[in-house]
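S.K.: this one's sequence-less:
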């Protein structure tokens, strides 16, 4: 019940924020940035693995919100709409990347530069993150995560890191609930396989991953 109450309060707050944004309130736009700029940046960063690109995409997300808020019809929540735009913008940047740039990026260096850490891992039961408790082990997860298919990665990040509900993820990615669950399952399994391989190679006698 407290969780549901908190969700309702957040929805009411966002509804009021949308109304003020449509009226052109500069204070509302600042409030929007204060509430969502950090989470959106963190999400995009984990999709693109580059702090500079993530910052550019995040800026584009909020510029798009500013330009298109008049057309927002509340068919989904403000939060879902923001993440949906972020997914699309990150995908566009990734496609541009694949066509025009082939640079290698250091996830560790980018994370340190951005000051990011995996400090909030929601809904961890039964996920690959259960196996890893120390920070140095989390570094391995970050490296393995970027190796899995981008569509699966987005679903896993939204669920296991951002803590979104299945329904929110379905609305954000514009896919069915069944597809959401499939992508999360496949993403977790793909990540699990890479973790097992990496950990065995690094210390074959020190790691034992338990599976169910």
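M.R.: Here it is on my side, so go on. These numbers were taken from a predicted model, which means no experiment stands behind them. Numbers count the residues shown, from 1 in each chain.

S.K.: residue 48 and residue 30, how far apart?
M.R.: Separation of residue 48 from residue 30 (Cβ to Cβ, to the nearest Å): 26 Å. C-beta here means a position set from N, CA and C on the backbone, and glycine is covered the same way.

S.K.: repeat for residue 151
M.R.: Residue 151 is 33 Å from residue 30, where distance means Cβ to Cβ.

S.K.: looking at those two, which is more packed in?
M.R.: For residue 151 versus residue 30, neighbours defined as other Cβ atoms under 10 Å are more numerous around residue 151 (16 against 10).

S.K.: which residue, other than its chain neighbours, is closest to residue 56?
M.R.: residue 93 (7.5 Å; Cβ to Cβ, 6 or more residues apart in numbering).

S.K.: next, count neighbours for that neighbour.
M.R.: So residue 93, with other Cβ under 10 Å, has 19 neighbours.

S.K.: so what's it up against?
M.R.: 48, 53, 56, 57 (Cβ atoms under 8 Å, 6 or more residues apart in numbering).

S.K.: for the spatially most central residue of the chain, give me the pLDDT.
M.R.: Centroid-nearest residue in the chain: residue 43, 3.2 Å away (criterion: Cα atoms, centre = their mean). You'll see residue 43 listed with a pLDDT of 94.
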